[in-house]
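Trainee: no sequence for this one, just the structure:
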């Protein structure tokens, strides 16, 4: 299959080129910090953990930051994420419209699409005879590493904070509100490859609350077990992960659905600032026009 796509408009960016791509997004900090974190995390997964992650440029050129990330979620679904610094979005449009790497007869999940690329996304959907069936809007929250480094973490009595292990993946997956979109193997991959923290009871090591660092380089899957809510555990594990991220010389980022007022309140109390808005969108072939 890859041989047939040798001359496709979308060409894979080599792992040793990803840091060059990443550094294009240092401008106007923290506006593009989530994109910087995503590419940086992908480079780590590829080079240190041997994960197969592919980013594509349009015609082998990415000096304007134009990049498309394609992954298969299931046999009938494709996930797309794309970024660019080019204001017209024309190169993104060309890449998405002309590539043979995307099967538009499948369901498409557009993940973390920023405001500047929303009009493009609707144009692409119309041109490819896709119809949207799900749309969620969220905000991107940012905390500089200097603030995170100053966090004081007060561990509640009879508890301790520590890294998650693979044995916790099943419980975290079962408790996750959005587990229908992913698998327990996905949660396990985050625990395996990234810094992820939980707060445990000191006697029997019961996991009571947790937060993971996701493949986009952002905090996520923050949750407290129902039996242990309203004890401040979510704040404790969030501070612990933010401090760890700061030790690695990175800022902390999280995405929060606009309807999730509890999470917005928590992250705002920790000093996070909303810096942009984004969308998660799902679309499928329009049977009335494509066939």
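Mentor: Arrived safely. Owing to the predicted nature of the structure, the values given are computational and were not obtained by experimental measurement.

Trainee: residue 278 versus the closest residue to residue 279 other than its chain neighbours, what's the distance?
Mentor: For residue 279, ignoring the flanking residues on the chain, the nearest one in space by C-beta to C-beta, 6 or more residues apart in numbering is residue 113 at 4.9 Å. The way it works is simple: take the backbone N, C-alpha and C, and place the C-beta from them, glycine included. Using C-beta to C-beta, to the nearest Å, residue 113 is found at 6 Å from residue 278.

Trainee: cool, and residue 64?
Mentor: The value you get for residue 64 to residue 278, if C-beta to C-beta is used, is 20 Å.

Trainee: those two: which is more packed in?
Mentor: residue 278 (19 against 15; other C-beta atoms under 10 Å).

Trainee: host element of the more buried one?
Mentor: Applying DSSP states H and E as the criterion places residue 278 in strand 273-285.

Trainee: in that strand, what's buried?
Mentor: 275-276, 278-285 (16 or more other C-beta atoms under 10 Å).

Trainee: returning to what we had before: just checking, the residue nearest to residue 279 touches residue 281?
Mentor: Yes - with contact defined as C-beta atoms under 8 Å, residue 113 counts as touching residue 281 (6.4 Å).

Trainee: what's the overlap in contacts for those two?
Mentor: Here residue 113 and residue 281 share the contacting residues residue 121, scored by C-beta atoms under 8 Å, 6 or more residues apart in numbering.

Trainee: so who does the closest residue to residue 43 other than its chain neighbours touch?
Mentor: Among residues not flanking residue 43 along the chain, residue 18 sits closest, at 4.4 Å (C-beta to C-beta, 6+ apart). The contact partners of residue 18, taken as C-beta under 8 Å, 6+ apart, are 39, 42-43, 46, 55.

Trainee: could you check how far residue 18 is from residue 104?
Mentor: 27 Å.

Trainee: flag every buried residue along the lengthiest helix in the chain.
Mentor: If you go by DSSP state H, the chain has its longest helix at helix 33-49. Across helix 33-49, burial judged by 16+ other C-beta under 10 Å covers 33-46.

Trainee: pull the most distant pair out of those.
Mentor: Using C-beta to C-beta, the pair of the buried residues of helix 33-49 lying farthest apart is 33 and 46, separated by 20.4 Å.
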